[in-house]
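>>> sharing a sequence plus its predicted fold:
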Amino acid sequence: MRLGSLWLVVGACLVTGIFQRANVALGAQVETPVALTGTVTSAEEGPMEGVLVSAKKSGSTVTITVVSDARGRYRFPSAKLPPGQYALGIRAVGYDLDGPGGVEIGAGKTTSANITVRKAHDLASQLSNAEWLASFPGTAQQKASVRNCAHCHRLETVVRSRHDADGFMKVLERMASYPPLSFPLMPQKLPAARKGPGETPRAQQEEGWRRQAQYLSTLNLSSAPTWGYALTTLPRPKGRATEVIYTEFDLPKPTRQPHDVIVDSAGMAWFASFGEQILGKLDPATGKVTEYPIPLLKPRAPTGILGMRFDKDENLWLAMQFQACVARFDKKTETFQTWSLPPELNGDHVQINQVSPLYSHVDGKVWAQDAGTYNVLRLDVASGKWEVFEPFSIPRPNVYDVIPDAQNNGYFTVFGGEQIGRIDAKTGKIALYPTPTRGSAPRRGMMDSQGRLWFGENRGDRIGMFDTRTERFQEWAAPTPESWPYDVTADKNGEAWGGGEHSDRVVRLNPKTGQVIEYLLPRFTNVRRVFVDNSTTPVTFWVGNNHGASIVKLEPLDRQASRESR
């Protein structure tokens, strides 16, 4: 049973080839044949807008989800649901599926299935991390201490616990020994403390844990059978946020953490597993996943990949974290080549999280970052030599991503502060530019064709843009508080797309008008890297469910936009 959905498995059938890659406007599907349709209603609301309805064919690894419109109607195009028996599920906070639980789709005809929902039996199990954070009492500083818990698991895990403050002290000490790539299905131990922030005295560390433990013990069930605060829920999608189709692909094992998902020009979706030495390729047309084992260079160090990007030839470059190296995967030969840090730089604390090869053809050099020292690195591919750039003195703020421009100058984000930095490719000179929002925590992003750097202001709850030509910033607030945009990318139309790390929502921004659309994902999704495939019309959005072992494709229908243009 998948968390966040209610599945009633019905029947069995053979899996058929489905989901051909579409390069035509999905808005035309309004007039195309419909395989399954109906109305979603409840006793409380009648017809319900914004209910996510999912259908999964028996025996399949693929789930299709649509959203009910203002009249409560939902529609699955025939191209998305070939004949067979399907289990149905919903996402509508505050409601459970009442019926029907499954349907049979026949060939060449439309099946009708009206769905009724009832008040949720366990509302707490449906809350996103953003909804938990909105529910929690306490100061902004206290809530800030809780957000880091959501990097490895849901906040529901915390609030359902029964630890008192002393019990939480032991939990926090143990949690501090795990790197962020750990999660409940695959914990790994941190080999050494980071050097970038400098040493924290033990007494000071324990004092921080004690404050956090005392606060956490007021949020959970340690002193009462129910929570002593009201549970806050977010509104369901409306209007254009309902005009979307999702396709979710299950990965082969539940330990797969698809931190980064990117799509090549042939339509293949590539993913890197956050906690394993696995590079994977998904064929969206068939749902088939092919996996390639990545070399293990430091057997006693934690495994897993964080950053993954293409070079100009669409070979994949991987940041191998505690393995202290970067790797290139040649798609033609299906072989890996690795470049490790030299011994004097290759300590247990090293964690290469990011690699950026897109403009390495300019000067033969690839940018990277070390989360152990909070420094920026640069690799000379031909010689294998590494350079180290130190934007700050110890204690340093966390330098998170590094993104080159067309001249292969390196721009970096200062997650531990609010700056965007620039390293001149020829002189090595470093310049810093503070964002308008203090403490915004720029995290990950991309450079568009106009020389504009788009990035998520993780702690500022904003989408940020830095124009490298004018050296000016623009910021747009995320509509949903506690979204915490992790990454932002711009599409061919000039729109920006981001993902709420805590809200399960995809943010689509039109910078010219300031209009924002938020698409609610079908289930709890730990959003990290986001990617837009510009070869389709409309564009297609991709993201990995980092804790859910799946890859999600989002296809906006843009019906309203099509109507307005006619």
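Looks like it arrived, so ask away.
>>> from memory residue 311 sits against residue 317, does it?
Yes - between residue 311 and residue 317 there is a contact at 6.2 Å, judged by CB atoms under 8 Å. In short, each C-beta sits where N, CA and C put it, glycine included.
>>> which neighbours do those two share?
Listed contacts common to residue 311 and residue 317 are 328, 357; contacts here mean CB atoms under 8 Å, 6 or more residues apart in numbering.
>>> with neighbour numbers in mind, choose between these two.
Ranked by neighbour count (other CB atoms under 10 Å), residue 311 and residue 317 place residue 317 first, with 23 against 18.
>>> ok, the residue nearest to residue 47 when sequence neighbours are not counted - how many residues close by?
Closest residue to residue 47 apart from its sequence neighbours, by CB to CB, 6 or more residues apart in numbering: residue 72 at 2.8 Å. Residue neighbour count, defined by other CB under 10 Å, stands at 20 for residue 72.
>>> these two touch, right, residue 72 and residue 39?
Yes - contact criterion CB under 8 Å: residue 72 and residue 39 qualify, at 4.6 Å.
>>> returning to that earlier point: can you tell me which residues contact the residue nearest to residue 47?
39-41, 46-49, 51.
>>> please repeat the previous calculation with a cut-off of 7 Å.
Contact analysis of residue 72 by CB atoms under 7 Å, 6 or more residues apart in numbering lists 39-41, 47-49.
>>> for residue 71, same thing?
Counting by CB under 7 Å, 6+ apart, residue 71 has contacts residue 47.
>>> show me what counts as buried in stretch 32-45.
For stretch 32-45, a neighbour-count test (16 or more other CB atoms under 10 Å) marks 34-42, 45 as buried.
>>> dump the C-alpha coordinates for it into CSV.
Only the C-alpha atoms of stretch 32-45 are listed here, as CSV (Å, rounded to 0.1, in the frame of the first residue of the first chain):
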residue,chain,number,x,y,z
THR,A,32,-10.0,13.2,-27.9
PRO,A,33,-11.5,10.0,-26.8
VAL,A,34,-11.9,9.5,-23.0
ALA,A,35,-11.4,6.1,-21.4
LEU,A,36,-12.7,6.8,-17.9
THR,A,37,-14.8,9.7,-16.6
GLY,A,38,-17.0,10.6,-13.7
THR,A,39,-17.8,13.0,-10.9
VAL,A,40,-16.2,13.3,-7.5
THR,A,41,-18.7,14.2,-4.7
SER,A,42,-19.0,14.2,-1.0
ALA,A,43,-21.9,14.7,1.4
GLU,A,44,-20.2,17.8,2.8
GLU,A,45,-19.4,19.6,-0.5
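>>> need the contact partners of it.
Residues outside stretch 32-45 that contact it (CB under 7 Å, 6+ apart) are 47-48, 51, 53, 55, 68, 72-78, 81, 95, 103, 105, 110-118.
>>> what subset of those is buried?
Looks like the contacts of stretch 32-45 have 48, 51, 53, 55, 68, 72-78, 81, 95, 103, 105, 111, 113, 115, 117 buried, using 16+ other CB under 10 Å.
>>> can you pull out the helices in the stretch 201-350 of the chain?
202-216 (DSSP state H, counting those that start in this stretch).
>>> go on, the chain?
Here the chain has its helices, by DSSP state H, at 129-135, 140-147, 155-159, 165-175, 202-216, 360-363, 559-565.
>>> lowest average pLDDT across those?
In terms of mean pLDDT, the lowest-scoring of these is helix 559-565 (a mean of 49).
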